[in-house]
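1. Make a model of this:
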Amino acid sequence: MKLLIVRHADPDYSIDSLTPTGWKEAALLAERLSRLEIAAFYVSPLGRAKDTASLTLKKMGRTATECPWLREFSAPIHKPGAEGESIPWDWLPADWTAEPRFFDRDAWLEAEPMRAGSVAEQYRWVTGSLDELLAAHGYRRQGEIYRAERPNTDTVVLFCHFGVECVLLSRMLNLSPMVLWHGFCAAPSSVTTLVTEERREGEAYFRLNAFGDTSHLYAGGREPSFAARFCEMYSLTDQRH
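-> Got it, this is the predicted structure:
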């Protein structure tokens with residue numbers, strides 16, 4: 001089985017849709033995905049993901065199943081020393097790396113800011129829903145791997161968001177999402193590919209073949225959008241700080 005996790009194209013968050021650049025990215029993405037034989041499409045209920053998917057679905061004459069758990073990962077927390085609530089996956093490097101538990105795939109949920117919010121509940125909802133979807137496609141979670149009940153070479157596409165993408169990856173790869181949230185960056189319209197490996201009959205593991213691939217943009221003569229990144233140098237005031 002091959003799983004493609006697609007981040008939405010360049011977003012206009014003010015209207016939960018895409019920028020003009022984002023629509024161009026979505027069109028190039030559609031050119032890429034429409035060449036594939038895809039068994040099923042799943043999409044976040046948020047507009048920017050649905051709009052990104054719409055061009056691929058229209059080009060292929062297909063529909064997608066809308067999944068609430070594919071929306072952006074939402075579990076507000078109170079970070080130490082900060083006012084108000086914020087998302088759990090945007091910390092300054094010096095702050096989150098100072099907590100050893102954040103590097104542990106289980107203990108990260110035991111850190112005080114995470115325990116005080118609904119992070120654990122939301123995380124288990126998303127990862128449990130992912131496991132249900134994979135079971136419907138023939139791969140049932142068993143311990144740290146997946147039981148290949150109906151092994152196949154189907155390709156399944158998920159249109160979603162960076163934060164929740166890292167949650168999905170943390171489940172399949174048995175990693176702390178904090179490491180993925182802060183150490184990886186998926187550009188808008190990028191494609192992350194995981195493929196099962198069944199080296200012992202009946203036992204499958206999802207292996208990451210490509211993360212955040214934007215080759216369709218380069219093929220169309222476009223650079224990836226800057227969204228999701230922060231300033232390369234602090235002195236670059238035109239980049240997000």
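2. In the protein, which residue is most central in space?
-> What sits nearest the mean C-alpha location of the chain, by CA atoms, centre = their mean, is residue 165, with 1.4 Å.
3. Contacts only, for residue 179.
-> By CB atoms under 8 Å, 6 or more residues apart in numbering, the residues touching residue 179 are 102-103. Quick note: C-beta positions are derived from backbone N, CA and C, even for glycine.
4. model confidence over the helix or strand where it lies, on average?
-> Element membership of residue 179 [criterion: DSSP states H and E] is helix 177-183. When pLDDT is averaged along helix 177-183, the result is 96.
5. now the strands: where do they sit in the protein?
-> For the chain, applying DSSP state E gives strands covering 2-7, 11-12, 17-18, 40-43, 65-66, 139-142, 145-148, 155-160, 191-200, 203-213.
6. Let's have these in JSON lines, adding mean neighbour count.
-> Listed next are the strands of the chain as JSON lines, based on neighbours: other CB atoms under 10 Å:
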{"stretch": "strand 2-7", "mean neighbour count": "24"}
{"stretch": "strand 11-12", "mean neighbour count": "20"}
{"stretch": "strand 17-18", "mean neighbour count": "22"}
{"stretch": "strand 40-43", "mean neighbour count": "20"}
{"stretch": "strand 65-66", "mean neighbour count": "14"}
{"stretch": "strand 139-142", "mean neighbour count": "18"}
{"stretch": "strand 145-148", "mean neighbour count": "19"}
{"stretch": "strand 155-160", "mean neighbour count": "24"}
{"stretch": "strand 191-200", "mean neighbour count": "16"}
{"stretch": "strand 203-213", "mean neighbour count": "17"}
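7. Tell me which of those strands lies nearest to residue 28.
-> Nearest to residue 28, of all the strands of the chain, is strand 191-200, at 11.2 Å by CB to CB.
8. The closest one pairs with which strands, parallel or anti?
-> Strand 191-200 sits in its sheet next to strand 2-7 (antiparallel), strand 203-213 (antiparallel), going by DSSP bridges.
9. In a markdown table, list those strands along with distance to residue 73 and mean pLDDT.
-> Formatted as a markdown table, the strands paired with strand 191-200 follow (distance: least, CB to CB, whole Å; pLDDT from 0 to 100):
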| stretch | distance to residue 73 | mean pLDDT |
| --- | --- | --- |
| strand 2-7 | 13 | 98 |
| strand 203-213 | 17 | 98 |
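10. These: which one's closest to residue 25?
-> Closest among the strands paired with strand 191-200, using CB to CB: strand 2-7, at 10.1 Å.
11. Now tell me what touches that closest one from outside.
-> 29, 33, 52-53, 153-162, 165, 168-169, 186-196, 206, 212, 228.
12. Could you tell me which helix of this structure is the longest one?
-> helix 119-136 (DSSP state H).
13. other SSEs contacting it?
-> Helix 119-136 sits against strand 139-142, helix 162-173, with contacts defined as 3 or more CB pairs under 8 Å, 6 or more residues apart in numbering; DSSP states H and E.
14. could you measure residue 24 against residue 127, distance?
-> According to CB to CB, to the nearest Å, residue 24 and residue 127 sit 33 Å apart.
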